[in-house]
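Visitor: with the sequence up front, the predicted model follows.
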Amino acid sequence: MTRQATGNVWAFSVSASVVLADRFTKMAAEAWLDPIRPLPVIPGLFDLTLVRNPGGVFGIMRDLSPGIRSALFTIVPALVIVAIAVYLWRLPGDQRLVRAALALVLGGAAGNLIDRIRLGHVVDFLDVYWRDHHWPAFNIADSAICVGVGLMLFEGIFARPEKAGGRPAPADERPPAAKETSAP
């Protein structure tokens with residue numbers, strides 16, 4: 001099997017694992033948690049609380065009309081999922097960090113899209129807070145998306161320059177910094 005094919009199998013397995021973990025934890029949250037009474041895990045810092053989020057990330061656009069909100073939060077994520085899957089499929093085998101990042105984003109986006117199609121909202125249940133300051137509730141899919149985006153930012157900031165062949169150039173083969181020259 002080629003490096004690219006192995007990378008594709010691995011990436012889509014990671015995405016599927018994120019979807020499965022997300023589905024399992026959301027089903028458990030719906031079965032065991034009460035939206036009115038949080039379940040403290042680390043008192044004063046972290047609770048499990050059932051939240052039904054009709055909006056986007058952090059609850060944005062929750063006040064849109066249900067028809068517009070439904071179309072926006074199903075069609076756009078579906079298109080993004082297709083675009084990521086196609087890009088992942090074509091990604092060179094040596095792009096491991098980017099592949100991992102996109103696999104996490106793909107799995108997270110798919111997990112939340114399943115909720116939108118199935119329920120019309122996303123199930124969130126992880127509640128992190130300090131005193132009266134709450135971070136918006138989130139779930140496994142949201143966490144995978146955030147980690148994937150973080151990995152892409154890391155790659156973009158810290159990636160080494162590449163040689164013409166597409167592989168990073170060893171430090172001793174990098175061209176020296178450009179020097180000013182005067183015209184004769």
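Guide: Cool, the structure landed.
Visitor: quick one: contacts for the spatially most central residue of the chain?
Guide: For the chain, the residue sitting closest to the mean C-alpha position, by CA atoms, centre = their mean, is I145 at 1.2 Å. Counting by CB atoms under 8 Å, 6 or more residues apart in numbering, I145 touches L104, V105, G108, A109. Where C-beta positions appear, they are placed from N, C-alpha and C, glycine not excepted.
Visitor: swap in 6 Å and give it another go.
Guide: V105, G108 (CB atoms under 6 Å, 6 or more residues apart in numbering).
Visitor: before we move on, what about V19?
Guide: With contact taken as CB under 6 Å, 6+ apart, V19 is in contact with G107, A110, G111.
Visitor: any idea how far R90 is from the nearest residue to R96 once chain neighbours are set aside?
Guide: Excluding the flanking residues, the one nearest R96 by CB to CB, 6 or more residues apart in numbering is G7, at 7.1 Å. Using CB to CB, to the nearest Å, one obtains 11 Å as the distance from G7 to R90.
Visitor: these two: which has the busier surroundings?
Guide: G7 (22 against 9; other CB atoms under 10 Å).
Visitor: tell me the phi and psi of the more buried one?
Guide: Torsion angles at G7 (phi, psi; degrees, to the nearest 10) stand at phi -60, psi -40.
Visitor: just the local confidence number for it, please.
Guide: G7 is assigned 87 on the pLDDT scale.
Visitor: got it, and Y87?
Guide: 95.
Visitor: how about low-confidence regions in this protein?
Guide: Across the chain, the ranges flagged by pLDDT under 70 are 161-184.
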